[in-house]
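*Asks:* Could you look at this predicted model? Sequence included:
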Amino acid sequence: MPFIPHTDEDIAAMLDTIGVDSIDALFDEIPAELRAQGLDGIPAGLSEMEVTQLLQARARSDGEPTCFIGAGAYDHHIPAAVWQITTRGEFYSAYTPYQAEASQGTLQVLYEFQSMMTALTGLDVSNASLYDGASALAEAVLMAVRSNRKVKHPRVLMPRTVHPFYRRTVASIVQHQGIELVEVDYDKRSGRTQIAHCEAVADQPFAALVVPQPNVFGVLEDVDALTDWAQARDALVIGVVNPVALALLSPPGDWGQAGADIACGEGQPLGMPLASGGPYLGFLCCKQAFIRQLPGRIAGKTEDLDGKVGYTLTLQAREQHIRRSKATSNICTNQGLLVTAATIHMAILGAEGLERVAAACHANTARLAQQLCEVPGVEPIFDAPAFHERALRLPAPTETVLAGLAEQDILGGFDLGHEYPELGSALLVCATEKRTDAEIAAYREALTSALVVAKAA
Amino acid sequence: MPFIPHTDEDIAAMLDTIGVDSIDALFDEIPAELRAQGLDGIPAGLSEMEVTQLLQARARSDGEPTCFIGAGAYDHHIPAAVWQITTRGEFYSAYTPYQAEASQGTLQVLYEFQSMMTALTGLDVSNASLYDGASALAEAVLMAVRSNRKVKHPRVLMPRTVHPFYRRTVASIVQHQGIELVEVDYDKRSGRTQIAHCEAVADQPFAALVVPQPNVFGVLEDVDALTDWAQARDALVIGVVNPVALALLSPPGDWGQAGADIACGEGQPLGMPLASGGPYLGFLCCKQAFIRQLPGRIAGKTEDLDGKVGYTLTLQAREQHIRRSKATSNICTNQGLLVTAATIHMAILGAEGLERVAAACHANTARLAQQLCEVPGVEPIFDAPAFHERALRLPAPTETVLAGLAEQDILGGFDLGHEYPELGSALLVCATEKRTDAEIAAYREALTSALVVAKAA
Amino acid sequence: MLIQEHSRPGRRATAQAPLTTADHSTLPQALRRKQRAALPEVSEMQAVRHYTRLSQQNFSIDTHFYPLGSCTMKYNPRACNSLASLPGFLARHPAAPESHSQGIMACLHELQDMLKSVTGMHAVSLAPAAGAQGELAGVMMIRAYHDARGDHDRREMLVPDAAHGTNPASAIMAGFKVREVPTGRNGDVDIDALRAVVGPQTAGIMLTNPSTVGVFDRNIQAIAKTVHEAGGLLYYDGANLNAILGKVRPGDMGFDVIHMNLHKTFSTPHGGGGPGAGPVGVSKRLEPYLPIPLVEKDDDEGYHWLDEDDRPESIGRLTAFGGNMGILLRAYIYARLLGAEGMRRVSEFATLNANYLQARLRAAGFQLAYPERRASHEFIITLKKEAKDFGVNTMDVAKRLLDYGYHAPTTYFPLLVPECLLIEPTETEPKEALDGFVEAMIKIRAEAEQEPETVRQAPHSLPVRRLDDVRAARQLDVAWKPAEGLAESNI
Amino acid sequence: MLIQEHSRPGRRATAQAPLTTADHSTLPQALRRKQRAALPEVSEMQAVRHYTRLSQQNFSIDTHFYPLGSCTMKYNPRACNSLASLPGFLARHPAAPESHSQGIMACLHELQDMLKSVTGMHAVSLAPAAGAQGELAGVMMIRAYHDARGDHDRREMLVPDAAHGTNPASAIMAGFKVREVPTGRNGDVDIDALRAVVGPQTAGIMLTNPSTVGVFDRNIQAIAKTVHEAGGLLYYDGANLNAILGKVRPGDMGFDVIHMNLHKTFSTPHGGGGPGAGPVGVSKRLEPYLPIPLVEKDDDEGYHWLDEDDRPESIGRLTAFGGNMGILLRAYIYARLLGAEGMRRVSEFATLNANYLQARLRAAGFQLAYPERRASHEFIITLKKEAKDFGVNTMDVAKRLLDYGYHAPTTYFPLLVPECLLIEPTETEPKEALDGFVEAMIKIRAEAEQEPETVRQAPHSLPVRRLDDVRAARQLDVAWKPAEGLAESNI
């Protein structure tokens, strides 16, 4: 019996102790007519070897394409130590640290993670993770609306330069909270959200402005101006940031005169494999003033009976298991294991290491964009400074070109046309520090030939 | 500086404490003319990412051929837990357990391993590993010559059915000990070593007879008769056994009237990946009477000051670091990490699991041999019962056929022709439990086409 | 010691990032960071040593019996981890084209089908990232259903008083009002009380069965009838699915929507607090509202994604990229290892272990909360007698268990049972572990009588002694800060 | 508790083997096993839990400072493990054709070249499976050389009294007689004594430089000249190569043959006692005798193996399949991460750490064995004064260090220094670790004076207290045996 240790003797002795004749008798309180007869559609069990062969074949079946997609998930190098330590059984198979004394490993990791995230974002406090960047933004929006004591109108300005999947996720999650999400347009030349676009929709008070940095196009927003503008109108500012980019870019806590109030984002670049989209790691930081509105777990420092330092989950009165229907969020299980990986990743790289990763991505993407734009008909869409993604306009339908590239085992980028039809055939490309000169050159060649085919079609 | 934690402040403070101006000054006792100027031929250091890309490319470069080679190394399924636990830092990065109190993990593993090996071989005691099966046989030969008090002639009968690489290794290692290794021929029809072949070379006393089970051809020797024959002549019997086969086959301790005296072999089938030939795991077991002649580490049970059970290296007086030139062997570092893997592997599979593995290999190889022998001109060479390898005769040069199969990404087996020219075009094939029906059918097809090409050439 | 306290300026694991800093001069100076973030500066060895030693301070399934009620701390097969971590799976970008995604999509599609089969539901979405998100998706679908019918007044969600806190919290997030339904003395929902509160305002009821008090609600059919007749829908909280896997199907009990905690029932790791995965299953009438993305199989063209465009009535997207794929893969692998027979055995042996442990603790004199009931996969004992007699409360006993090498059961939940321990041994523990736990409980009770301070001050043998939770909340310290000017440097 | 003691008949991790037993009826009954081997019968979880907890009872580099002299316990980069474990490497059969082996052969060939460069030798074989096997190969090549010249009377191998035990043991295995050469008071070989013993019977001398007393032998050129002029060859024991990597090359010192311990200098794991790898390097005149296999590069056809047929004068094959390939791969990866600069830094910082620790311990009043000498990468203190004054010996101090969280240095080796600790911090330890070790030593000396029993009975905080080695040898118990008839069953 896979994973079940009971011997026949064990079973007999246990049934005897209970005082029943069979295991089946233990289910005698279940109405007989409800008892499931079969499990059609579930195949017979396989041995580990057979499952291994099946999964190896599946994992292999889609080849090893070269990835130039970013759009919220980035193909970074992950130091070998990160997951070798993270998957140690004591981290991997522990529960949420409810018994603090038996969970100091996990709790200290959470505290260290929170410390690192506040260092990166320049804010005072951090929670211990949310599901992913998009759901973290939804929680940030809910939190901002709860926290803003001056503006009671549940309106939030949401630039279109925020990743469209993030905007959709927010819309899904907050849809029954009476929150109005107001789109803010962007400048078609620079790719930036300008104050004028904000002004255009700010005819009524709003509780918060979301500011992505870099934005979905890779373009750098004028975060200082946007922050000052929103805060002058008593709104809170929510930064949506890439933690690797923060190694080089001004942290939300430094934006404008007073700093952003809340920062959230996707922790995947901090040591998480692409893995088809998850598990990743949402993070959420804020100013001290808002800590009681912060959703999710928070680890805090304390002392034991002897005065020795230890760590424990704190401010649990915010949470659903205590506050129930009045909790700051329904979140319970979060992304603890990914927090462990991110913490080890940041410890190994340090600030300077992250800077080098960020700089390499930036330089690689610049080189990629330059080389692709040497292909006739390909041109950059925006003229503002960008971080490690670039939006390019293609002389043929993006979908066709991407299919042509995929046939050459190159994942050419993210098709912006679906979400931003006004940009025409638009492709968002990214070259992380892992993309080599040879791969970039190969992309350029493949694009040339894919365009020939696409135009002929 | 990769892996070196020193900051500039550290270096300055340390040099100051030592009282020198530079690190270079610490080498001032080395004659200046000896100081190396450069390290030509050593490239500049790479980042972990670059090394990763290089090694990934190298690991990929040779494809994923289907392996039908056995010949001493077997492609078994290894449960996922085995190496996930074995590579835990506490096992992976510990030293030989000289400080027993700080090494109970490793020491108890060694004791458990020794216990498992005695259970498998049916002998009284086991050491804690040697380098591999072949060098273990060399140590067994040396040990037998030292141990045999009745026969002082340093002659050892070595059947030709012992793996030729093992025989060569033994010859290399014992070449300066004045030991005469006497070849014993085998029966060309059955593939077995018969008593008559032994008799033919037993005109002088001999200290030991080596008995492989199964032998290099996969054929099962008549171990009981050989054991009784040799022991009747005051020789010791050294069994060379496959530990997975021992799940089904009579253990050396049960051979003949009195049991073999020594058993050794290759532990690779107990959870070690093929890995180009190593690191593997030599094991060596013997009757209690010979324990003081056993080379290598031995863990023993003892008690601490409080009477609590603990484990420690014992009988160290046999070893080089105590006995120096009078040691039983020069071995020091052995294969500790592989012992850990093998111990976990055996714990997870248990005797019944090993039986199933062995039976599956046996059945798969039987099916493979049957199907290949349906190809015209292919035939079995021997008619005696065999375990999970079969020697086949091919109607074309083995080397050419194997090359043709390799082009179809099938590693068709081990070419016996080099070592056993009397067998003609002979191929040793093996299908472990991992080989599927589809792979076996594909081999048959590939062989058919490879033979067409080979015959045409 | 924190990793930050091992830090020294200028130290780093230099091989793990690019060896030089590439040109980034095109980044505008005004948008750049002025000071380096105060991240630790340590060597790779220091990081490895620090986190290896930290890990050793955790209790975990791989090291300890962990009978945490309602949390299903069963063994996580190691193959699930290694196979979900095959390079081909880890390297796949979430926006990779379907042409390069058929391998994982096949796994996801088969998982959808297996979850349908084992729950008796009509359709399944794997999108929710954890149980609570599955709950939210579930109640949002109930709301979407009523709204689509123009039934806009159904704004009340019924929740038993024994329910997990996530239930009311999720209902609130979906815009419902929450009304509590009491539990009867025998552990089943008080059906009369239920009848009294259902009505045209009732959107639905959130139930788990077996419930959090550890018994199977025998009136489930009557409950379903009551709620359905009132026009409400039934939501099944899958937290306790391990108790009935392959034995009873929520769909057959009359539930309209269910979420599953794959990290419980399908043995994906808890990871010190996640990640989880909370797929939702629905009856036919709720199918249009399932969260996206879904995987569909087309006999000719293989697998493809269904997203917003394909499912216009969907409650939408819950994470950027469709869920915790690596966890779904682990659950898929686990399901394939178990097969149909293995799934049935899960509930059988989880129930056997719980009833055995219950019988032994009862025989040892501990008071069961529902002594006349079968245990499901878990059960409750109440220590109110011990608290009264010895002045040693449930938390003290829980902490003392740690000294004996057992993780404590869930304490003080469900709230309706005083001084309670909710005990869930799971099917993967051998009889010896259960026997050892009983011995420890007996010893602790003797200590409570003879040397109560030993219990009240427990634990004694862990890396820290009893921690001060009040201090943690009052003197909030949730992030290490560098000493002024020390750790920060200009870039 | 042993894994065997967790065993119960009929228990097993059933998914990890084929689910059924295939037909094996063609195996003759007479040759079959009659009773099952008494291997443990446990579930996967029990095995994982047992070995996870066992592992936690080890000190290791990943958890502790481990200054074990002569053993070079430096950090093992994790990338070396994960990259050597790439599926393509693990799956390759040792008898795979060269057409399917070019990837690993490229690594091996480059490693051969890098080892040649860093040692200054003419050619390298990677075949020996560990240091001792490298030693054996080395002295066998010396013998082969003399024999090939008809110089059959050279049967004496010189070995300094400070040498590792493997040196004389290996020389004996190669059929030599061993003659000891004394170490002078300053730690260098007593050159006059050497001159007195060399002669026409001298096959060679086995040396390590820096020597095991932790100093660089300043007379190495004179030694080389003396031995060479007598017709002998010089063998270099690579155990201490970490001290001079990139700084001095054995080839330049006049050595004819060298073995390297890759698990020391090239940071492959010690694994609780191996596996190691012991490549040998030789000068041109010894090249024909190198153990096989070797990797050769052919510009047209890629890499190919050289075996017995290609190298008829080779001392032969030392393992069935040519060595510990996975370890060689790890060393290759490490070398690529370091590069030339990184290799030089290894010896520089190993030496800096040793000299710093020596200076601090000296300042703290500990007695150096060779106070007038520079430390190499290791050094010796002698506790004979403490032993005399306080009745606390070196072993007591070593055990007490464990309580303070430091693995003990090497004790009572080399044999010529009484009550000695041979201390090798390695380059990967930060200054704080060295400082902490000094503090612990100072505290232990104070304890030795004030409460000597505390030291004599140490350790106190480990899983076991001081173990009885005498009992282990006298009441030999080296294998668990099942109770009569209990664990064995018929097949």
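*Replies:* That came through, no problem.
*Asks:* Look at residue A:111 and say how many residues are nearby.
*Replies:* By the criterion of other C-beta atoms under 10 Å in any protein chain shown, residue A:111 has 26 neighbours. Any C-beta I mention is one placed from the backbone N, CA and C, and that applies to glycine too.
*Asks:* That one against residue C:54, yeah?
*Replies:* No - between residue A:111 and residue C:54 there is no contact, the gap being 10.8 Å when judged by C-beta atoms under 8 Å.
*Asks:* anything in contact with each of the two?
*Replies:* When C-beta atoms under 8 Å, 6 or more residues apart in numbering or on different chains defines a contact, no residue borders residue A:111 and residue C:54 alike.
*Asks:* Any part of the strand or helix carrying residue A:108 near chain B?
*Replies:* Residue A:108 belongs to helix A:104-121 when assigned by DSSP states H and E. No - Helix A:104-121 lies out of reach of chain B by C-beta under 8 Å from any C-beta of the partner chain, never closer than 14.1 Å.
*Asks:* State the mean pLDDT of that helix.
*Replies:* Mean pLDDT, helix A:104-121: 98.
*Asks:* After it, which helix or strand is next?
*Replies:* strand A:125-126.
*Asks:* per-residue confidence averaged over that next one?
*Replies:* In the prediction, strand A:125-126 has an average pLDDT of 98.
*Asks:* so what does that strand touch, helix or strand wise?
*Replies:* Applying 3 or more C-beta pairs under 8 Å, 6 or more residues apart in numbering or on different chains; DSSP states H and E, we find strand A:125-126 packed against helix A:104-121, strand A:282-286.
*Asks:* Whether the longest helix anywhere in chain C contacts chain D - can you check?
*Replies:* Counting by DSSP state H, the longest helix found in chain C is helix C:325-363. Yes - using C-beta under 8 Å from any C-beta, helix C:325-363 reaches chain D at residue C:337.
*Asks:* List the buried residues in that helix.
*Replies:* C:325-340, C:342-361 (16 or more other C-beta atoms under 10 Å in any protein chain shown).
*Asks:* Residues of the stretch 51-200 of chain A that sit close to chain B?
*Replies:* A:52, A:53, A:60, A:64, A:77, A:79, A:80, A:84, A:87, A:88.
*Asks:* export these to CSV and tack on distance to residue A:250?
*Replies:* What follows is these, written out as CSV (distance: C-beta to C-beta, whole Å):
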residue, distance to residue A:250
A:52, 48
A:53, 51
A:60, 43
A:64, 37
A:77, 25
A:79, 27
A:80, 32
A:84, 34
A:87, 35
A:88, 36
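*Asks:* which of these count as buried?
*Replies:* A:52, A:53, A:77, A:79, A:80, A:84, A:87, A:88.
*Asks:* Using a markdown table, lay out those together with secondary structure.
*Replies:* Formatted as a markdown table, those follow (DSSP: H, G, I helix; E, B strand; the rest coil):
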| residue | secondary structure |
| --- | --- |
| A:52 | helix |
| A:53 | helix |
| A:77 | coil |
| A:79 | coil |
| A:80 | helix |
| A:84 | helix |
| A:87 | coil |
| A:88 | coil |
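*Asks:* what sits against residue C:458?
*Replies:* C:396, C:399, C:400, C:402, C:403, C:466.
*Asks:* How about residue C:74?
*Replies:* By C-beta under 8 Å, 6+ apart, the contact list for residue C:74 reads A:3, C:61, C:242, C:267, C:350, C:426, C:427, C:428.
*Asks:* tell me which of the residues you listed is nearest to chain B?
*Replies:* Closest approach between these and chain B, by C-beta to the nearest C-beta: residue A:3, at 11.4 Å.
*Asks:* ok, how many other residues are close to that closest one?
*Replies:* Neighbour tally, residue A:3, other C-beta under 10 Å: 25.
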